[in-house]
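Q: here is a sequence together with a model predicted from it:
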Amino acid sequence: MSWMFLRDLLSGVNKYSTGIGRIWLAVVFIFRLLVYMVAAEHVWKDEQKEFECNIRQPGCENVCFDYYFPVSQVRLWALQLIMVSTPSLLVVLHVAYCEGREKRHRKKLYISPGTMDGGLWYTYLISLIVKTGFEIGFLVLFYKLYDGFSVPYLVKCDLKPCPNTVDCFISKPTEKTIFILFLVSTSCLCVILNFIELSFLVLKCLIKCCLQKYPKSLKSSVCECHHLRYIECGETGVPPLLQNHHSDSAISTPQRGETKLLCDTHKS
């Protein structure tokens, strides 16, 4: 199987990812894709031929193998890698759509199509949620299909056409168990990284929204303060402390002059 397309896809997403996303890509490349290509495919090679039962009844081995391994373990891991990596294609398609739209209109429509803001932020968030869902779903599916994450060396089968309960032996069970535990551990690590990146993006967006609202509230409070001063000095002509004296008809001319001078000082 050729993994060149998957490698090119993940490499293209790398420049639009956050720092945590780049760590996720490194884990997928080194600890999952390379391990699968170099070692796992060879460990599970010809697994049906190496599955032996202590009876030569025609069809018995095939039926028992199909019962205990309804889906090949190594092919299930390959399907998981493909399904987990393809949501990143959403990010590449979104950027390509924005760039194509700018070329079609022949003008600058976006500050930068690859900037993690606006529509690209939502696309990246959706891809993270889908990737995490695929990771958890495949782990649960693997656990249910094979009744755990270990490979037994012996299984007992009594299905037809087997004449009685027969013992069937699985090849290289310890080696397969080690690889399965390693792949499960890296899958769990990817889930943790996805959760951290998801929390980081949401928290960063909330902080940005709060910082945008704070200057607006500060500006409105300053405007209200200036408006209040205008009403106190411009409309009434006297500060609040002298309003009672102003209502009295016995205010003398020098006092009014002092009031005007005091108001001018208050304005400045």
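A: Received, thanks. Numbering: from 1, shown residues only.

Q: quick check: mean pLDDT of the host helix or strand of residue 141?
A: Taking DSSP states H and E as the definition, residue 141 sits inside helix 119-146. Model confidence over helix 119-146 averages 89 on the pLDDT scale.

Q: which strands and helices sit next to the helix or strand that that helix is followed by?
A: On the C-terminal side of helix 119-146, the nearest following helix or strand under DSSP H and E is strand 154-157. Strand 154-157 makes packing contacts with helix 60-68, strand 166-169 when contacts are defined by 3 or more C-beta pairs under 8 Å, 6 or more residues apart in numbering; DSSP states H and E. (Glycine included, C-beta is placed from N, CA and C.)

Q: of the ones you listed, which is nearest residue 41?
A: Shortest distance between residue 41 and the helices and strands packed on strand 154-157, using C-beta to C-beta, is found for helix 60-68: 18.6 Å.

Q: so which other helices or strands are in contact with the closest one?
A: strand 52-53, strand 154-157, strand 166-169.

Q: buried stuff in stretch 58-77?
A: Within stretch 58-77, the residues that count as buried by 16 or more other C-beta atoms under 10 Å are 60, 61, 63, 64, 65, 68, 69, 73, 74, 76, 77.

Q: show me which of those is closest to residue 177.
A: Distances from residue 177 to those, taken as C-beta to C-beta, are shortest for residue 73 (10.7 Å).

Q: okay, now the residue lying closest to the closest one once chain neighbours are set aside: neighbour count?
A: Closest residue in space to residue 73, ignoring its immediate chain neighbours: residue 44 at 6.3 Å, by C-beta to C-beta, 6 or more residues apart in numbering. One way to gauge burial is a neighbour count; for residue 44, by other C-beta atoms under 10 Å, it gives 21.

Q: for residue 208, same thing?
A: Other residues lying near residue 208 total 11 when counted by other C-beta under 10 Å.

Q: over to residue 189?
A: Considering only other C-beta under 10 Å, residue 189 is surrounded by 17 other residues.

Q: pull the contacting residues for it.
A: Shown in contact with residue 189 (C-beta atoms under 8 Å, 6 or more residues apart in numbering): 27, 31.

Q: and it, what element?
A: Applying DSSP H and E as the criterion places residue 189 in helix 173-230.
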